[in-house]
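Q: Can you look at this prediction? I've put the sequence above it.
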Amino acid sequence: MTYPFLHPDDVDEAIVDRLEKICSETAGFEFSLTEARWFGEAVVWLAPRPEDPFRRLSMLVEREFGTRPYGGAYDEITPHLTIGDRGPVDQMHAAQDVVAPFLPIHARAAELALFQGGPAGWAEVRRFLFR
């Protein structure tokens, strides 16, 4: 949803409480991952439909914390699920080919997960249930 968020040292109980409030006021929603798309040849991703609930949630977090997705590098928020990022292009095409027969994937967004990490790996910090 929002990357980068805040530095891990800045995520204290007050931040957690504010995230909890946003999520408790956000209804869960149904969505489908409908097709694979690309950002250039660097990233292959799955497109969710509808996009608006993801966009609204990103905008709520941005308004509350002043954190723009990708540090504000892009004018428009593009909700997506990355399946390949800056890998060998042939391997990312192969990942797309593996996923394609399973599309669309239907799901329900029922919670937000906070992760911390980076190139060395990611760890889940906490989950926040939607209303």
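A: Sure, I can see it.

Q: Please state the offset of the host helix or strand of residue 46 from the chain centre?
A: Assigned by DSSP states H and E, residue 46 belongs to strand 43-49. Strand 43-49 sits 10 Å away from the centroid of its parent chain (C-alpha atoms, centre = their mean, to the nearest Å).

Q: From here on, call the first residue 33.
A: Yep, numbering from 33; the last one is strand 75-81 now.

Q: Quick one: list the elements packing against it.
A: With contacts defined as 3 or more C-beta pairs under 8 Å, 6 or more residues apart in numbering; DSSP states H and E, strand 75-81 has these neighbours: strand 61-71, strand 113-117, helix 121-131. C-beta: built from backbone N, CA, C; applies to glycine.

Q: That strand pairs with which strands?
A: Paired neighbours of strand 75-81 in the sheet (DSSP bridges): strand 61-71 (antiparallel), strand 113-117 (antiparallel).

Q: Compare the helices and strands packed on strand 75-81 and report which one is nearest to residue 41.
A: strand 113-117 (25.4 Å; C-beta to C-beta).

Q: In that closest one, which residues are buried?
A: Neighbour-count burial for strand 113-117, counted by 16 or more other C-beta atoms under 10 Å, picks out 115, 116.

Q: ok, then the element right after the helix or strand bottoming out on mean pLDDT in the chain?
A: Least confident helix or strand of the chain, by mean pLDDT, DSSP states H and E, is strand 143-150 with a mean of 90. Downstream of strand 143-150, the first helix or strand assigned by DSSP H and E is strand 153-161.
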